[in-house]
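Asks: build the 3D model from these lines:
(chains A and B)
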Amino acid sequence: MELETIIGLEIHAQLTTKTKIFSSTSNCYGAEPNTQACVIDLGMPGVLPVLNQETVRMAVMFGLAINAEIASRSVFARKNYFYPDLPKGYQISQYELPLVRDGQMIIELEDGSRKAIGITRAHLEEDAGKSLHEDFQGLSGIDLNRAGTPLLEIVSEPDLRSSKEAISYMRKIHQMVVYLAICDGNMQNGSFRCDANVSLRCAGDQRFGTRVEIKNLNSFRFVERAIEFEVERQTNILKSGSRVIQETRMYDAYKCETRSMRSKEEAEDYRYFPDPDLLPLLLDECFISAVRADLPELPDAKKQRFMTQYSLSSYDAGMLTSSCALGNYYETVVAELGGNPKLCANWLMGDFSAFLNKENREITDSPVTPYQIASLLRRVQDQTISGKIAKDVLEALWFGEGNVEADSIIEERGLRQIIDTSAIGEAIEIVIESNPEQLAQYRSGKGKLFGFFIGQVMKILSGKANPQQVNKLLEEKLKE
Amino acid sequence: MSLEPIEIRKIAYLSRLDILDQDIPTYSRNLADILTLVEQMNDVDTTGVVPMAHPLDMPQRLRADEIGEISELINREYLQAIAPQVESGLYLVPKVIDY
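Replies: The predicted structure follows:
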């Protein structure tokens, strides 16, 4: 019996609006508990939700980016359930008439082929608050700052056939929402999270098997592991002749397993109905066209353009188009330098990205401008400085004050590369004279000592010599 | 249309209403009457009628994404004054864990 894995993902992306979806309270992450929860977020009697226009714009933008149908009329519904982090007793969501329908996302499979994954729908809804179960002796602490945070729930078709495909799809959605600047994509803070529906069926079957929903996966790795664990678990059940029970499971990251959540009695009976507090959302062509006009060049298109225009590899182009800001930064550097796109790519993905990571900064608030990077790379390109020295200059630019160019740092610190053959020759003489023992060993066949000599020469020249040149001159000298 | 006691208990549970067993027949009868009324509507020909999502024939107005003024309507101390129990700015409730 050969089994086929069927996976569908429900992704929740928190939208980066200034205020909540239905109230004018700040939507900023990390405030003191309950300081960003107004009477509407708390579900006090007599309050009315008013829809935030920006959430609609963002959802429409996402819909257009995935080639979906944008509903000219969509309706908000109440999803009823009782939980302390949901003070109203219902979540305002969209049910029968979502804002976005029938989109798709192209993913790249491991063998390089492409596959279209259907997106059933994407709808707007509000997030719930947070429950803290520790430290309160039998009680739970409730922080309602997150209540009312706008969410875009993105539901895929059951088109995914492996954990690899699921991750690939999830990465593309993540890239897209970050790219469109509608979600910060921060998975640790829960801005981007995922539920996975997993089922198995005999290969060739048309009908789906019983599915299990795995809740609240907040990292790519967890999604992959949880799906893999679940596939194995269900395979064992089916191979032993038993049946899979439809249930909700949670992933335990410490034990790397999924566990049945105590099946909430009647939990699936949400009794959706149109929210009488909100009128139907009508969008005209004018609104949709305006959003379409604002749509940036999309990641796939930009990646293709980078590959042809800058002759970059698929990998490099993919990295540089991972966010809109990085792509723009890169293009500014290349334009300013006037060419050498590969050199720019290497530096941005290498040392520059390393700095951003180390300093925990986004590219949008990098202290080094693309113009400064270009000024640095200009001197790498014309060999005024070596790659190694260039790293020091980058550091100086990073921590330097004001908008200085690489040239002034190079001059100030005397970092200009030594290409004067006689200066290098002199250094070589000194090293050879002061290390007769190593010289004898080298000449009797201990070739590894070549590196030692290089190191000594570079030390005398404060690392400023051109390595290739030192290599060549040293080689000649040692042969004498 | 009649409702079995088990259905009445389910509806009560979903609404978090603690009802007495002795009242179940009354609820059953009342709810069945309402359902009978609803069933009558099934006889109406609704071909071509767009389902109504709201009694008002108006579109939803949208709000600009601007932070509102700070007032007591977002003041934690003010709002938590009516909470049974708070600690470190959190509302405390009986522990509910799903798993």
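Asks: contacts only, for residue 66.
Replies: Reading this off chain A. A:Val100, A:Gly103, A:Gln104, A:Met105, A:Ile119, A:Ala122, A:Met176 (Cβ atoms under 8 Å, 6 or more residues apart in numbering or on different chains). From N, CA and C alone the C-beta is placed, and that goes for glycine too.
Asks: meant chain B actually
Replies: Taking Cβ under 8 Å, 6+ apart, we find B:Glu66 in contact with A:Lys18, A:Thr19, A:Ser24.
Asks: buried among those? Need that as a selection in ChimeraX.
Replies: Paste this into ChimeraX to select the buried members of those, with burial taken from 16 or more other Cβ atoms under 10 Å in any protein chain shown:
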select /A:19,24
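Asks: where is pLDDT lowest across the contacts of A:Ile66?
Replies: Lowest pLDDT within those is found at A:Met176 (94).
Asks: state the number of residues packed around that residue.
Replies: By other Cβ atoms under 10 Å in any protein chain shown, the residues close to A:Met176 number 22.
Asks: identify the residues contacting the worst-scoring helix or strand of chain B on mean pLDDT?
Replies: Across the helices and strands of chain B, mean confidence by mean pLDDT, DSSP states H and E is lowest for helix B:5-14: a mean of 89. For helix B:5-14, contacts defined as Cβ under 8 Å, 6+ apart pick out A:Asn80, A:Glu265, A:Glu266, A:Asp269, A:Arg271, B:Asp18, B:Ile19, B:Ile24, B:Tyr27, B:Ser28, B:Leu31.
Asks: coming back round to it: so which of the contacts of A:Ile66 is the most crowded?
Replies: If you count neighbours using other Cβ under 10 Å, the busiest of those is A:Val100, which has 28 neighbours.
Asks: what does chain B put close to chain A?
Replies: With the criterion set to Cβ under 8 Å from any Cβ of the partner chain, chain B comes near chain A through B:10, B:13-14, B:16, B:53-56, B:58-68, B:73-74, B:76, B:79-80, B:85, B:87-99.
Asks: show me which of those residues are buried.
Replies: Among these, the ones that count as buried by 16+ other Cβ under 10 Å are B:14, B:53-54, B:60, B:62-63, B:65, B:73-74, B:76, B:79-80, B:89-93.
Asks: related to what we said a few turns ago, let's have the contacts of A:Ile66 in TSV, adding secondary structure and distance to chain B.
Replies: Listed next are the contacts of A:Ile66 as TSV, based on DSSP: H, G, I helix; E, B strand; the rest coil; distance: Cβ to the nearest Cβ, whole Å:
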residue	secondary structure	distance to chain B
A:Val100	strand	16
A:Gly103	strand	23
A:Gln104	strand	28
A:Met105	strand	27
A:Ile119	strand	24
A:Ala122	strand	18
A:Met176	helix	21
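Asks: out of the contacts of B:Glu66, which are inside helices?
Replies: Counting by DSSP state H, no part of the contacts of B:Glu66 is found in helices.
Asks: against which helices or strands is the top strand by length along chain B packed?
Replies: In chain B, with assignment by DSSP state E, the single longest strand is strand B:90-94. On a contact count with 3 or more Cβ pairs under 8 Å, 6 or more residues apart in numbering or on different chains; DSSP states H and E, strand B:90-94 meets strand A:139-143.
Asks: okay, now A:Ile385: neighbour count?
Replies: 23.
Asks: contact partners for it?
Replies: Neighbour list for A:Ile385: A:Arg379, A:Val393, A:Ile410, A:Leu415, A:Arg416, A:Gln417, A:Lys464 [criterion: Cβ under 8 Å, 6+ apart].
Asks: output the below-cut-off pLDDT ranges for chain B.
Replies: Filtered on pLDDT under 70, chain B yields the residue ranges B:1, B:97-99.
Asks: quick check: longest helix of it.
Replies: Per DSSP H, chain B has its longest helix at helix B:24-41.
Asks: quick revisit: just the contacts of B:Glu66 that are near chain B?
Replies: Among the contacts of B:Glu66, chain B is touched by A:Lys18, A:Thr19, A:Ser24 when using Cβ under 8 Å from any Cβ.
Asks: the bottom helix or strand of chain A by mean pLDDT?
Replies: helix A:406-412 (a mean of 77).
Asks: list the buried residues for whichever helix or strand comes after that helix?
Replies: Using DSSP states H and E, the helix or strand that directly follows helix A:406-412 along the chain is helix A:421-434. Within helix A:421-434, the residues that qualify as buried by neighbour count (16+ other Cβ under 10 Å) are A:Ile424, A:Ala427, A:Ile428, A:Val431, A:Ile432.
Asks: excluding chain neighbours, give the residue nearest to the second one in space.
Replies: Read it as A:Ala427. A:Ile460 (4.4 Å; Cβ to Cβ, 6 or more residues apart in numbering or on different chains).
Asks: go on, A:Arg171?
Replies: Closest residue in space to A:Arg171, ignoring its immediate chain neighbours: A:Phe220 at 6.7 Å, by Cβ to Cβ, 6+ apart.
Asks: can you count the residues close to that neighbour?
Replies: For A:Phe220, using other Cβ under 10 Å, the count is 17.
Asks: look up how far A:Val334 lies from it.
Replies: Note on A:Phe220: its distance to A:Val334, by Cβ to Cβ, to the nearest Å, is 30 Å.
Asks: hmm, back to that, for the contacts of B:Glu66, which one is nearest chain B?
Replies: A:Ser24 (3.2 Å; Cβ to the nearest Cβ).
Asks: quick one: residues contacting that closest one.
Replies: A:Cys38, B:Arg63, B:Glu66, B:Ile67, B:Gly68.
Asks: and what about B:Asp45, helix, strand or coil?
Replies: coil (DSSP: H, G, I helix; E, B strand; the rest coil).
Asks: state the distance from it to chain A.
Replies: Using Cβ to the nearest Cβ, to the nearest Å, one obtains 22 Å as the distance from B:Asp45 to chain A.
Asks: many thanks, we can stop here.
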